[in-house]
Each structure stands twice: as structure tokens, then as C-alpha cells.
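A.B. asks: using only what follows, build the 3D model:
(2 chains)
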There are 2 protein chains.
Amino acid sequence: MSAAQYKNVTINAQASISYDGRCSSHTIMFEDGRQKTLGVILPCENLVEHYQFITNTSERIDIISGECEVQLHGEEDFSYYRAGQGFVVEGDSGFNLRTEEIVQYVCHLEG
Amino acid sequence: MSAAQYKNVTINAQASISYDGRCSSHTIMFEDGRQKTLGVILPCENLVEHYQFITNTSERIDIISGECEVQLHGEEDFSYYRAGQGFVVEGDSGFNLRTEEIVQYVCHLEG
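C.D. replies: Have a look, this model is predicted:
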């Protein structure tokens, strides 16, 4: 599980925005150089079949609110994840995510 | 203008969500007890005439991306604000905000 709070971090005031704002995330930086992103994803609502995310470094994504289905690149099927669960994505890869709920996540950049 | 980054802060992993996720904000806390919120507001898009925000303490809101129109409680008209501009709202008051763009802001809680 993710901590409810992160201390002694640096945060960019501006969020990164995609899908017309239906996906947004803030990057936080720790003193040791690690980075995480805190994200909000709105329901697909027939506006988009699923969101596509690309990874550079490997990432661990913990769902902290809501539920969704995730298809890692190279996998045939979507897997279900809800708050308290997470998944790992390799670097130079990506995943598709679909949801009918508002999803919040913490992405741990591990590269 | 707002700083591009805030250092040595504590941040809640979860965002506060309203209007079905069309308004979201993360609270950041400074060592001296001050708090700010970093917010993302999506276009009203005929889904809502304007968003309504209520204040407890007095707030200064700096628009850091996009543009919007704001009507403070007690004012008859909406005023235009764009990135780089801001406005002050009294405590125990509020304002209405309408926009056709994605707006990002920093809210300085001054109470």
C-alpha cells in the first residue's frame, strides 16, 4: 500500500495533462532522487475505449482509489485492480487502462 | 506569480475531487504550517454553468495555466483571469468559476 502522505518532497506546481484533462498527474521528487507521480484518471465514459500509457523506466503503479482494468503490453487480456492493489510495468513498454470510475494512483518510477 | 516548484513539502497522495472529477486538487503542507492546494479544473462544457467554490479561510488563487472567468460572492459580474493573474477571496465566502479551457491554479490558504 501507498503512504497517505509523502514528506520532504519537491512538487511541480503544474500537473501533466493528457486525454483532454481526463488523465492528470503531479510529479513529486524525493531528496535521494527518486520520483513518483500522483495521478487522477476519470471514467472512460465512451469517450475513449481505454487510455494508453507508455513507460520509459520501469514503474510500479498502486491504485489508491477506485477500480480499473489494465492490459500490459504483450498481454492478451485485461486484469482487474482496485484500491490497495498494484502492478508493475517494464521500462520501454506500456499499458492500457479502462475504468468506469474515478481512479487515483501512485506511480513509483523505479528506473 | 507562483513558483514552478515547491520544496520540502508534505503532500497527501489522494486528491480532493468534486464535480465528477472535473475539479481536483492536491493539498501541500509547508514546515511552518502553511498550506496550499494545486488544482486542475476541466472545461464546463455545458455540463455545468459554472463551478462553485466555498472558502473557509481567506485564499489567494493564482491561475498558472489556462484562462477563466470568476465571480466572487457579492459581485454582479464575472471577471477574466488568465495564467499569471490571480485573485483574493475572503474567508467564509466563495466564488463561481467558468471556463472553456483546462485551468490549473495554486491556491494559497492564508487563514
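A.B. asks: does the helix or strand hosting residue A:39 reach chain B?
C.D. replies: Under the criterion of DSSP states H and E, residue A:39 resides in strand A:35-41. Yes. Contact of strand A:35-41 with chain B (C-beta under 8 Å from any C-beta of the partner chain) involves A:38, A:40. Bear in mind the C-beta positions are built from the backbone N, C-alpha and C, glycine included.
A.B. asks: elements contacting the helix or strand that that strand is followed by?
C.D. replies: Reading on from strand A:35-41 to the C-terminus, the next helix or strand found by DSSP H and E is strand A:51-54. With contacts defined as 3 or more C-beta pairs under 8 Å, 6 or more residues apart in numbering or on different chains; DSSP states H and E, strand A:51-54 has these neighbours: strand A:94-98.
A.B. asks: what is the strand it packs on packed up against?
C.D. replies: Using 3+ C-beta pairs under 8 Å, 6+ apart: strand A:94-98 touches strand A:51-54, strand A:67-72.
A.B. asks: which one of those lies closest to residue B:66?
C.D. replies: When those are compared by C-beta to C-beta, strand A:51-54 sits nearest residue B:66, at 21.6 Å.
A.B. asks: of all the residues in the closest one, which ones are buried?
C.D. replies: For strand A:51-54, the neighbour count (16 or more other C-beta atoms under 10 Å in any protein chain shown) marks A:51, A:53 as buried.
A.B. asks: dump the C-alpha coordinates for the helix or strand following that strand into PDB.
C.D. replies: Using DSSP H and E, the helix or strand that follows strand A:51-54 towards the C-terminus is strand A:59-65. Coordinates of each C-alpha in strand A:59-65 appear next as PDB, following Å, rounded to 0.1, in the frame of the first residue of the first chain:
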ATOM      1  CA  GLU A  59       7.100   1.600 -12.900                       C
ATOM      2  CA  ARG A  60       5.100   0.200 -10.100                       C
ATOM      3  CA  ILE A  61       1.600   1.600 -10.000                       C
ATOM      4  CA  ASP A  62      -0.500   1.300  -6.900                       C
ATOM      5  CA  ILE A  63      -4.200   2.100  -7.200                       C
ATOM      6  CA  ILE A  64      -5.200   4.200  -4.200                       C
ATOM      7  CA  SER A  65      -8.900   4.900  -5.100                       C
END
